[in-house]
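> Need a 3D model of the following:
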Amino acid sequence: MVMKYMRAGTKPVLWIIVAAFVGTIIFAWGMDFTARPATRGVIGKVNGQELKIDEYSLLCQNAIAQQQQQKPDLKDEEIRKIRDDVFSQMVASRILREYVDKIGLEVTNSELAEHLRRYPPREVQQAEVFMTNGQFDYNKYMQAYRNPDPQLWVQIEALTKPRVLQQKLYEYVSATVRVDDPEMKDLYTAASEKIKVRYVFLASGQYRDSIGTVDSTKAREYYQQHASEFTHDERAQLAYVSLPKYASAEDSAEVMRDAQALAERAKGGEDFAQLARQYSEDGSAQNGGDLGWFGRGAMVAPFDSAAFALDSGQISPPVQSQFGYHIIKSEGKRTKGDTVEVHAVHILLRVQASSTTLSDLRIRAEQFVSDARKEGFDAVAAREKLEIIRSGWFERGKSILGIGDEPGVTEFAFSASKGTISDPFDTQDKYLITVLSDHQPAGQASFSDVSSNIISKLTAQLSRSMAAERLRPVREQIASGVPMAQAAAAAKATYDSTDYFGRFERAGRFGEDPDFRGVAFSLSAAQPLSQVAKITFGAVVIQQVDRQAANLEFYTQKRDSIMTAALDGKRQMIYNNWYNDLLKKSDIKDYRYQSGEIY
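Presented below is the predicted three-dimensional model:
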């Protein structure tokens, strides 16, 4: 009877499992598509192993579809991020697969069976065939487990096996991690303690002009004595021009015409809230465009003026602001104290570059590349009146000045020859054309590259030292009994106090400055006044006002859960560090953005 019931429900369950299979197994370990006869291309490589476009496309389709269940109208940049995440997950799957094969890690049938018995897959728990009164019924699941339908169970096993393998790898990497009670108690105490202090502070910036210019000889001495500070990984420099994806005047006029048509429909009696839900392009759309009550100045000026000029029930013509075109309806005004407020609903139509504008821009970018390869990058940029931006040095995986994190640009920078001009890169808000200015293997930066940074660092050090010298007599006065505020005022220094803060919390104006917090927590009731201490932006003398000890009774009560949480956190940190090191050592190629193609 159970098997008959199971087979009747197999088809819908299989759909759930197959969807999860695509979304989970491939993400976890990769899927072998090499048997397909019509591979359309390669979008990257991991240690020489190809990443196929058909696999990537399938994963992207599935990931985008999953996101659209939560948010149907995904923006271009959100879709782009999903695609980049899919690529990163494909890279991770190949790297981990290689490592698993290298160490011979595998999941036995008995391990898989035990895992399935103890931990029913979440996708299976959502299947109606395993539910009673809308809730997952473990007994139904176990009946199917003991008398499996092969068609169904082979899919469930295929779904689950990669997850078990990933868990085994996690345990393999982090197996030696331990957290003992004394260590945990110390960590808990350190994290839970709070302190309140008062302080005298002198900012170092006020002394920089009196220091003058740091001698280049001293800068070179620093460079020679601190050589290890100036080593770098493989790095590159780019020059680039950008063509922003601005909307054209015709794009704006087209949106204006659409806004006028919507305004006429609203004035003609159509339900304003329904029109807002259907057409408005901001977060208020789901609420029928309702913006609630607001006073003057709460909105941008054009919107503000139009909203307060309307009578209750009146609908405005399209109003242009920096966000686009608004159609505004007043729901009434009221006086609240001395303030007049309006209740408004609106429809927003954003002005964006049309497909025609983007196509024209793409043609312009391609023409720039063609001309630059013949006439020279700088010459064509000057003729086209485009600013050339220099990125400065950047390492693989690091953000590029003015560009950010663009995998295709990074791949170009670390694979092209010096002087090579790229094809256009189609980014979220602009087309980029880049030229590789320079490339260096890992090594030590030259003095000329870092001399300005060294001079700035030495200048900052001298400024802090000068501020510290000015505070020494102030500290002596406080130690002799002069009130801190009085001593600070005489020295024209800043006097203030903090609220209670912990070792890992912001400390007033000094934020997360580790030097300030370190000095503060070194104080005690027996030694409440610090020596003069140099911190990031100056020098300080700190005095303890009060200290709140950790609640060790709470620790005793929650010891087991705290220990478990700490162990999990420490194991996750070890695993992440291990994977990041593995990733850094891998040879990863991203071809998705070559020739301007984005997949």
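
> F272 is in contact with A285, isn't it?
No: using C-beta atoms under 8 Å as the test, F272 is too far from A285 to be in contact (12.0 Å). Placement of C-beta: from N, CA and C, glycine included.

> which one of the two has more residues nearby?
The residue with more neighbours, out of F272 and A285, is F272; 23 against 20, by other C-beta atoms under 10 Å.

> From I327, how far off is that one?
Distance of F272 to I327, given as C-beta to C-beta, to the nearest Å: 8 Å.

> Need the residues touching each of the two.
Residues touching both F272 and I327 (C-beta atoms under 8 Å, 6 or more residues apart in numbering) are 266, 315, 347.

> Need the buried ones from those selected in PyMOL.
Selection of buried members from these for PyMOL, criterion 16 or more other C-beta atoms under 10 Å:
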select buried, resi 266+315+347
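
> Of the shared contacts of F272 and I327, which belong to strands?
I347 (DSSP state E).

> So which of the shared contacts of F272 and I327 is the closest to T231?
Ranked by distance to T231 (C-beta to C-beta), the shared contacts of F272 and I327 are led by I347 at 57.1 Å.

> The closest one and P473, how far apart?
The value you get for I347 to P473, if C-beta to C-beta is used, is 67 Å.

> one step back: closest to L74 out of the shared contacts of F272 and I327?
Using C-beta to C-beta, I347 is the member of the shared contacts of F272 and I327 that sits closest to L74, with 20.8 Å.

> Quick one: the helices in the stretch 1-150 of the chain, in order.
2-8, 10-29, 53-70, 76-103, 109-118, 122-125, 138-146, 150-174 (DSSP state H, counting those that start in this stretch).

> residues of the top helix by length along the chain that come out buried?
Among the segments of the chain that qualify as a helix by DSSP state H, the longest is helix 447-479. Across helix 447-479, burial judged by 16+ other C-beta under 10 Å covers 450-451, 454-455, 457-460, 462-464, 466-468, 470-471, 474-475, 477-478.

> for this protein, what helix or strand is lowest in average pLDDT?
helix 2-8 (a mean of 37; mean pLDDT, DSSP states H and E).

> how about the helices in the stretch 251-400 of the chain?
Using DSSP H, counting those that start in this stretch, helices in the stretch 251-400 of the chain cover 272-279, 301-309, 355-375, 377-383.

> average pLDDT for the shortest one?
It stands for helix 377-383. Confidence for helix 377-383, expressed as mean pLDDT, is 96.

> Show me what it is in contact with.
With C-beta under 8 Å, 6+ apart, helix 377-383 has contacts from 239, 241, 368, 371-372, 387-388, 421, 435.

> Of those, just say which sits nearest to L358.
L358 has its nearest neighbour among the contacts of helix 377-383 in F368, at 15.4 Å by C-beta to C-beta.

> so how far is A381 from that closest one?
Separation of F368 from A381 (C-beta to C-beta) stands at 8 Å.

> if we can go back for a sec, quick check: which helices or strands does the longest helix of the chain pack against?
Here helix 447-479 is seen to pack against strand 194-203, helix 208-211, helix 216-225, helix 484-490, strand 533-535, strand 538-548 when contacts are counted using 3 or more C-beta pairs under 8 Å, 6 or more residues apart in numbering; DSSP states H and E.

> Repeat the analysis, applying 6 Å as the threshold.
When contacts are defined as 3 or more C-beta pairs under 6 Å, 6 or more residues apart in numbering; DSSP states H and E, helix 447-479 sits against strand 194-203, helix 216-225, helix 484-490, strand 538-548.

> Could you work out which of those reaches nearest to H232?
Per C-beta to C-beta, nearest to H232 of these: helix 216-225, 13.7 Å.

> and the angle from that closest one to helix 447-479?
Relative orientation of helix 216-225 versus helix 447-479 (axes from the mean of the first three to the mean of the last three C-alpha atoms, to 10 degrees): 100 degrees.

> Name the next helix or strand downstream of helix 216-225, please.
strand 231-232 (DSSP states H and E).

> pLDDT averaged over that following strand, what's the number?
Summarised as a single mean, pLDDT over strand 231-232 is 90.

> In the sheet, which strands lie alongside it, parallel or antiparallel?
Using DSSP bridges, the strands paired with strand 231-232 are strand 443-444 (antiparallel).

> Would you map out the domains in this protein?
2-174+589-596, 194-230+448-548, 239-245+364-439, 249-349 (automatic domain parsing).

> Distance check, M256 against K245.
Taking C-beta to C-beta as the measure, M256 falls 19 Å from K245.
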